[in-house]
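Novice: My questions concern the predicted model and sequence given below.
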Amino acid sequence: MTKVDYKKTLKHLYAPSKKSFAMLEVPKMNFLMIDGKGNPNTASAFMEAIEALYSVSYTLKFMIKRAAGGIDYAVMPLEGLWWAEDMQAFINRNEDDWLWTLMIMQPEMISYDLVQQAFNTVQAKKNPPALAKIRFEAFKEGPCAQILYIGSYADEGPTIQAMHEYIEENGCERTGKHHEIYLSDPRRTAPEKLKTILRQPVRR
C-alpha cells in the first residue's frame, strides 16, 4: 500500500520558512468547506464546523485506504479564511463579527461521488450538527505571500502587519481573504508553540 504525506509532497505550500516571507503561486485544489460567523473561541458553530469537516475527511481517508490498490494518506490540516463585513472588526478584534470559512484540502482522487458516500456514512453514524453545511469545491488563490508563524493566535498581529508591509514593498496589493493553516493541535500544544501558516493573496 502506498503511503503519502501531502504536506511533504506540497512542501512549498505547507512547510514555509519561519524566518522570512515568500511569494508563491497557490494552484487550484479541492476542499471540504463550511462557512460561519462568530468568535472562534466561543461560537458553538466554529467547533461544530471542525467536527463535521474532520468526520468527513477521515471517512474519505479510510475509504481510499480500503479500496483496491489503496493509498494511505494523512488527513490535511484545518485551514481558515477570515474577513468581516467591516474590516475594522479585525483591527479592533471584534471577534463576534468575524466571518470565516473553515476547510480541509482533499487529494485529487477525491470526487463528488466519494464525498457524497462519506457524507452518507457520517450522517448514518453520528450526524454532527454542521454536516449539512459542508460543501465540496475547488479553490484557487493564485499569487500569495506567506510565512510560518509560531506563537499564540492572539499575538499574530505584528507578523500580519509585517507581511502586509512586505507585500507593498514587493509592488503588490492585498486581495482576497486572510488565510491561516493550522499545523498544531491547540488542545495539545502550548500557545507559544503553536505553528500557523499565515497567507495573503496578492496582485501586482
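Specialist: Received it, and whenever you're ready, just let me know what you need. Fair warning: this is a prediction, and the values are worked out from it, not measured in the lab.
Novice: rest of the way, CA atoms for contacts and neighbours
Specialist: Fine.
Novice: Spell out which helix or strand contains Ile181, please.
Specialist: Assigned by DSSP states H and E, Ile181 belongs to strand 178-182.
Novice: quick one: secondary structure of Tyr149?
Specialist: strand (DSSP: H, G, I helix; E, B strand; the rest coil).
Novice: Identify the bridge partners of it.
Specialist: When assigned by DSSP bridges, Tyr149 has beta-bridge partners Thr196.
Novice: what's the pLDDT at it?
Specialist: Reported pLDDT at Tyr149 in the predicted model: 98.
Novice: contacting residues for Glu141?
Specialist: Going by CA atoms under 8 Å, 6 or more residues apart in numbering, Glu141 touches 25-28, 176, 201.
Novice: After the helix or strand of the chain with the lowest mean pLDDT, which helix or strand is next?
Specialist: Using mean pLDDT, DSSP states H and E, helix 88-91 stands out as the lowest-scoring helix or strand of the chain, at a mean of 64. As assigned by DSSP H and E, the chain's next helix or strand after helix 88-91 is strand 99-106.
Novice: check contacts around the spatially closest residue to Asp35 that is not a sequence neighbour.
Specialist: Residue nearest to Asp35 in three dimensions, not counting chain neighbours: Thr101, with 4.3 Å by CA to CA, 6 or more residues apart in numbering. Contacts of Thr101 were listed using CA under 8 Å, 6+ apart, and they are 33-36, 80-82.
Novice: between these, which is nearest Leu13?
Specialist: Of all these, Gly80 has the smallest distance to Leu13: 14.5 Å, by CA to CA.
Novice: Let's verify the closest one: helix, strand, or coil?
Specialist: On the basis of three-state DSSP, Gly80 is classed as strand.
Novice: Ser20 versus the closest residue to it other than its chain neighbours, what's the distance?
Specialist: Of all residues not flanking Gly80 in the chain, Leu102 sits nearest, at 4.5 Å (CA to CA, 6+ apart). Counting by CA to CA, to the nearest Å, the gap from Leu102 to Ser20 is 26 Å.
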